[in-house]
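Colleague: Just to be clear, the model below is a prediction. Sequence and coordinates:
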Amino acid sequence: MNHIILGGLILFTYLALSTSVTLYNCIWGIVLTAIILRLIPSKRRPVKVSHLPRAFLAMLIYMVILIWNVLVGGFQVARLALDPRMPLKPGVVAVKPDCDHELGQALSAHAISLSPGELLIGTDESGMMYIHSLEIDQTEKVAQKEQKYRRYLLDLIFG
């Protein structure tokens, strides 16, 4: 029953965002909804209501840190681009996330992909992330600092 409600919400959202309710678009929406529902695991962990305030606080902290890092990174990239000498030191940096939890690794990848001047190229099976950066030295410093924030957030979420 939950999958039917979730599927209806996904289909409704798709149709609302596509702003086209043609037969072809409805069929395509049903196919995409079926694919999305197959990707969602059927076995979920129960949510403890007592953890919701801590999780919400962790999400707010993560969002503030992420917005701050994006703004600072944007100014740094603009400074590098506008400098007539173009003091770029591009390259690929390997960063090992210090947590084994999938959520921590996903948060790391998310933060890196949103940071101006950095691009997550890929990860390997050990969790090592390969990041292309316009300024290698800055990326290594920021990656070490952000790992501390993610560790704090994971401790806050999972206790």
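Modeller: Thanks, I have it.
Colleague: ranges for the helices of this structure?
Modeller: Along the chain, counting by DSSP state H, helices occupy 2-18, 23-39, 52-82, 102-114, 136-158.
Colleague: do you know which of those lies nearest residue 89?
Modeller: helix 136-158 (5.1 Å; Cβ to Cβ). For glycine as for every other residue, the C-beta is placed from the backbone atoms N, C-alpha and C.
Colleague: Could you tell me the average pLDDT over that closest one, please?
Modeller: Helix 136-158 carries an average pLDDT of 70.
Colleague: Could you find the closest non-adjacent residue to the residue nearest the centre of the chain?
Modeller: Residue closest to the average C-alpha location in the chain (Cα atoms, centre = their mean): residue 110, at 2.4 Å. Leaving aside its chain neighbours, residue 110 sits nearest to residue 66 (7.9 Å; criterion: Cβ to Cβ, 6 or more residues apart in numbering).
Colleague: Distance of that neighbour relative to residue 59?
Modeller: Per Cβ to Cβ, to the nearest Å, residue 66 is found 10 Å from residue 59.
Colleague: Compare the two (neighbour count), which wins?
Modeller: It is residue 66, of residue 66 and residue 59, that has more neighbours when counted by other Cβ atoms under 10 Å, with 17 against 13.
Colleague: who's in contact with the residue nearest to residue 112 when sequence neighbours are not counted?
Modeller: The spatial neighbour of residue 112 that comes closest, neighbours along the chain excluded (Cβ to Cβ, 6+ apart), is residue 120 at 4.6 Å. Each residue near residue 120 by Cβ atoms under 8 Å, 6 or more residues apart in numbering is listed here: 109, 112, 113, 129, 130, 131.
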